[in-house]
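Asks: Quick one, fold the following:
(2 chains, ligands or ions: 2)
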Amino acid sequence: MLQVTGLSAYYGRAHILDDVALEVGAGEVVVLLGRNGAGKSTTMKAIMGLVPPAAGSVRFAGTEIAGREPFEIARLGLGYVPEERRIFTGLSVMENLDVGRRPATAGLRPWTPERLFALFPSLGAMQDRPGGRMSGGEQQMLTIARTLMGNPRLILLDEPSEGLAPVVIERMAEAIRALKAEGLSILLSEQNLHFAQLVSDRATIIEKGRIRWSGSIAALLEADEVREQYLSV
Amino acid sequence: MENLVLQALSGLASASSLFLVASGLTVIFGVSRVVNFAHGSFYMLGAYLAYTFVTQLPRGHLGFWGGVLGAALLVGLIGLVVEVLLLRRIYRAPELFQLLATFGVVLIVQELTQMVWGAQDLLGPRAPGLRGSTEVFGLRFPLYELFLIGVGPVVLGLLLLLFHRTRWGTLVRAATQDREMVGALGVNQRMLFTSVFFLGSLLAGLGGALQLPRESVNLHMDLSIITEAFVVVVVGGLGSLTGAALAALLIGELHAFGILIVPKITLVLVFLVMALVLVVRPHGLLGKPEVAARGGQGSAEPMIGPAPAALRWLALAVLALAVVVPPFLGDYAISVLTELATAVLFAASLHLIMGPGGMASFGHAAYFGLGAYGAALAAQWLGAPMLAGLALAPVAAGVFGLVFGYFCVRLSGVYAAMLTLAFAQIAWSVAFQWVEVTGGDNGILGVWPDAWAAPKLVFYYLALALCIGATLLLRRVVHAPFGYALRAQRDSALRAEAIGIDAFRTRWLGFALAAAAAGIAGGLFAYGKGSVFPTFMGIPRSVDALLMVLLGGVQTLSGPIIGALAFTGLQEQLVRLTDLWRLILGVVIVALVLFFPQGLAGAVRARWEARHGDA
Ligand SMILES: Nc1ncnc2c1ncn2[C@@H]1O[C@H](COP(=O)(O)OP(=O)(O)OP(=O)(O)O)[C@@H](O)[C@H]1O
Ligand SMILES: [Mg+2]
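Replies: Ligands and ions are numbered 1, 2, ... in the order given. This is a model prediction of the structure:
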């Protein structure tokens, strides 16, 4: 579904990503693991076209998307859920969802606000509340719901567990599994291995802008030295 | 009492018109973050087009109202074209470039309008059905004014419905907060921006068209409405529709009652209120603090180093020519050279604020003009000799630089640019309206040098010595500890504070120093020309200074000097060769912003570095 090869990206003159390669198959959940500042968010932004890729290829559903504009990439069915959530604070929950609305995608059940409220019940109880007056957990759910309104085939989910209480994290994991069951592919970025292993099929580890390791979650749990080297704090 | 009611009503009518224009401006700013100078030109075009339509179409309701709406619609389309051709390409450019580019459009529209409609004022017909007056609270009040009072709230209501009850409106509000995110959700921002621009321009056009029965249509409408619209939008809070409505009400009434209380200085009053609001609420009445612009790709500014040896030799050669050649020139050429010298200092002083200081100024002409008026007033009213006048010039400009700067340097970005503009407009309106002292539009004449400096050549050498001396002094300042402090606070106010630099004081002093230097240039300019006029402080002159700096490039110290020489030389040639110089200047500005965003010196340096390898 998504193949990234040789991707490199810069902020100004700072070389942030170097020769990044990763792959997400149809219906698969892949986690991009790495410490603070490893380049997880930048990888997602480069895939989404928010940071221009300086070199490399990004293929999505058979189409080369490197160098395209974010809105075109989104229209091809790639959803982006930013780490900072970026809720429209002046807009109500319903209006936030409305901004994300796009036509249905063939082969996937179209998302409606009702279905999203079933997935995230707490959102349903605050449809008219301005996005600025929601808790962090609620905002995290809203930002995912907003992206789902675009009926994407694959979503880039940047650190959804960050700053959430353990109970909320549990619920987030359930929601992600529910999305996977719907047939959605997911590229997840995480520092929290515990959370990642609850939902992911495979893992890719990034460190200082380079991919250091790729394999199944089971293999990662076996490979103590890899976890030691790249993930422990 | 009766007078007060009538005054309040006519204040409401102006507020309504003002709101139409300001609402378009604020909505456009909200999504695009561009402060659109050309908005006033769209207003003017609306009035001119309405004039043509209404006088060409058959008389009667259809002819009049059809003409007004047709003009508004056409202006909307013109705005759309301007957005697609120009603004779309500069959304990521620094704010001053955007202001400048849209000011280029102002110049182009002005010239084209004059070509099509001529320079004389045009008087349109009255609105059919709204010709007479009616009784309000037992007082006679023009029907058309009453109609205008109704238009404002109706348009506000429609806009609020549009923004809160349609998906398009939701998208616009979302983009006002975070346009990049809106794009990542699959919305084509370009279409959104273009449509917003269409709507905003249409509102400006409508505002202008509706003035037809009220006042004459003329070529000054653009700048006079845009400054007021800026005030309204800034006071209301950039991007806030209800804020604009509130501020329009405030400013409209202030005008109406200001005339009763202080007939001479209504403009000053308006700008003072703006300054006051910004000091108390830096983001206007209902504005939100600007989120650090997302998606901007600010690249680190290169350090300013000493001039390369080649450049220094070139400068010396030019200077030698400037000293040796003039005795062989005629009086006219010598006066042009004198003007060039003052232009160099004027540009160098603005550069201190913008380059090393990292501040925005859209009203630097104020200090040039204050220097000129300081010298001229001293000569006129105190009979001061020339040297005393020249000494007073930087003092006058510097003192006002301290006062105005105290407020301006607290703000940043668009708000700072707007406040500097407001202060410059205050200075301009005092010079313009206080006729007894300043001579108003007629200026002060007969400001000639003392006998010993009366020969053009002698005065030229004096001007050259003072301007080069002051410019070199400014360069020294940039490399002195104060200059390092100035740059340190520009790069990071927090880090500067951490190493013991008082960022506010540094900016403040830098601003005042630049003002004083501009004052020297202004004083010399006054004696060189023998007269001073309010235009010395007008927006166009502030833009001249900006152009010189940006033409040369902000990043280099030699930039403003090259820019001043290039700009003044170009203008001199153009004015002589063609009466279309505004048109050409406008095109040059737009081209400069589009193709040489780093300025001429920047472009040359980029080539130099490319050729000699960038270490
Ligand atoms: N806008 C920016 N400008 C310059 N450098 C940046 C910018 N954003 C991130 N960086 C740098 O790029 C590198 C990678 O950052 P990135 O945000 O991709 O890391 P991350 O893996 O997502 O970290 P985190 O877990 O903290 O979210 C870091 O060194 C960071 O300092
Ligand atoms: Mg991150």
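Asks: so what's B:N3 closest to, chain neighbours aside?
Replies: Leaving out its chain neighbours, the residue that sits closest to B:N3 by C-beta to C-beta, 6 or more residues apart in numbering or on different chains is B:L260, at 7.4 Å. Glycine gets a C-beta too; all of them are placed from N, C-alpha and C.
Asks: Thought B:L6 was touching the one you found, still the case?
Replies: No: with contact defined as C-beta atoms under 8 Å, B:L260 does not count as touching B:L6 (10.5 Å).
Asks: returning to that earlier point: which ones are touching the residue nearest to B:N3?
Replies: B:3-4, B:7 (C-beta atoms under 8 Å, 6 or more residues apart in numbering or on different chains).
Asks: quick one: it is in a helix?
Replies: Yes: the assignment for B:L260 is a helix, going by DSSP: H, G, I helix; E, B strand; the rest coil.
Asks: Spit out the contact partners of residue 100.
Replies: Just going to use chain A. Applying C-beta under 8 Å, 6+ apart, the residues near A:G100 are A:145-150, B:185-186.
Asks: Actually, chain B is the one I wanted.
Replies: Under the criterion of C-beta under 8 Å, 6+ apart, the neighbours of B:L100 are B:543, B:546-547, B:550, B:589, B:592-593.
Asks: Please repeat the previous calculation with a cut-off of 7 Å.
Replies: Listed by C-beta atoms under 7 Å, 6 or more residues apart in numbering or on different chains, the contact set of B:L100 reads B:543, B:546, B:550, B:589, B:593.
Asks: gap between stretch A:196-213 and the chain center?
Replies: Counting by C-alpha atoms, centre = their mean, to the nearest Å, stretch A:196-213 is centred 13 Å from the centre of its parent chain.
Asks: Now that stretch: average pLDDT?
Replies: Averaged across stretch A:196-213, pLDDT comes to 93.
Asks: how about it against ligand 1, any contact?
Replies: No: Stretch A:196-213 stays clear of ligand 1 (C-beta under 6 Å from any ligand atom), getting no nearer than 6.7 Å.
Asks: And for that stretch, what's in contact with it?
Replies: A:16-22, A:28-34, A:38-40, A:43, A:173, A:176-177, A:188, A:190, A:214-217, A:220-221, A:226, A:230.
Asks: related to what we said a few turns ago, most neighbours of all the contacts of B:L100, which one?
Replies: When those are compared by neighbour count (other C-beta atoms under 10 Å in any protein chain shown), B:L550 ends up highest, at 31 neighbours.
Asks: Tell me both backbone torsions, phi and psi, for that one.
Replies: Per-residue torsions, B:L550: phi -70, psi -30 (degrees, to the nearest 10).
Asks: quick one: it and B:V477, what's the gap?
Replies: Here B:L550 is placed at a distance of 21 Å from B:V477 (C-beta to C-beta, to the nearest Å).
Asks: ok, now B:F103?
Replies: According to C-beta to C-beta, B:F103 stands 29 Å off from B:V477.
Asks: now B:G401: how far from B:M548?
Replies: Counting by C-beta to C-beta - B:G401 and B:M548 are separated by 19 Å.
Asks: neighbour-wise, which of those two wins?
Replies: With neighbours defined as other C-beta under 10 Å, B:G401 and B:M548 compare such that B:G401 has more, 31 against 27.
Asks: Select the longest helix from chain B.
Replies: For chain B, the helix with the greatest residue count under DSSP state H is helix B:2-32.
Asks: The next helix or strand after that one vs helix B:2-32, what angle?
Replies: Helices and strands here follow DSSP states H and E; after helix B:2-32, the next one along the chain is helix B:39-56. Angle, helix B:39-56 to helix B:2-32, by axes from the mean of the first three to the mean of the last three C-alpha atoms, to 10 degrees: 110 degrees.
Asks: which residues sit against helix B:39-56?
Replies: B:21, B:24-25, B:63-64, B:67-68, B:70-72, B:74-75, B:78-79, B:105-106, B:109, B:113, B:117, B:122, B:124-125, B:201, B:204-209, B:211-212, B:217, B:221-223, B:225-226, B:229.
Asks: what is the rounded mean pLDDT of it?
Replies: If you average the pLDDT values across helix B:39-56, you get 95.
Asks: That helix: which residues count as buried?
Replies: B:39-54 (16 or more other C-beta atoms under 10 Å in any protein chain shown).
Asks: again with stretch B:501-520
Replies: B:501, B:503, B:506-520.
Asks: Helices of chain A, start to end?
Replies: Assigned by DSSP H, chain A shows helices spanning A:40-48, A:70-75, A:93-100, A:113-119, A:121-124, A:136-148, A:166-181, A:193-199, A:217-222, A:224-230.
Asks: mind giving me TSV with those and columns for distance to B:I444?
Replies: Compiled in TSV, these are given as follows (distance: least, C-beta to C-beta, whole Å):
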stretch	distance to B:I444
helix A:40-48	60
helix A:70-75	58
helix A:93-100	58
helix A:113-119	69
helix A:121-124	69
helix A:136-148	62
helix A:166-181	73
helix A:193-199	76
helix A:217-222	82
helix A:224-230	76
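Asks: Least confident of those, on average?
Replies: When I compare the helices of chain A, helix A:224-230 is least confident, with a mean of 82.
Asks: send the alpha carbons of it over as CSV?
Replies: Provided in CSV are the C-alpha atoms of helix A:224-230 (Å, rounded to 0.1, in the frame of the first residue of the first chain):
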residue,chain,number,x,y,z
ASP,A,224,16.9,-7.4,23.6
GLU,A,225,20.0,-5.7,22.3
VAL,A,226,18.1,-3.8,19.6
ARG,A,227,15.6,-2.4,22.1
GLU,A,228,18.5,-1.6,24.4
GLN,A,229,20.4,0.3,21.8
TYR,A,230,17.7,2.3,20.1
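Asks: Now look at that helix and say if it contacts ligand 1.
Replies: No: shown here: helix A:224-230 not in contact with ligand 1 (C-beta under 6 Å from any ligand atom), separated by at least 11.7 Å.
Asks: Just list what that helix packs against, helices and strands only.
Replies: strand A:202-207, strand A:210-216 (3 or more C-beta pairs under 7 Å, 6 or more residues apart in numbering or on different chains; DSSP states H and E).
Asks: ok, which residues in chain A are in contact with chain B?
Replies: A:12, A:48, A:50, A:70-71, A:74-75, A:80, A:82, A:86, A:88-91, A:95, A:98-100, A:102, A:146, A:150 (C-beta under 7 Å from any C-beta of the partner chain).
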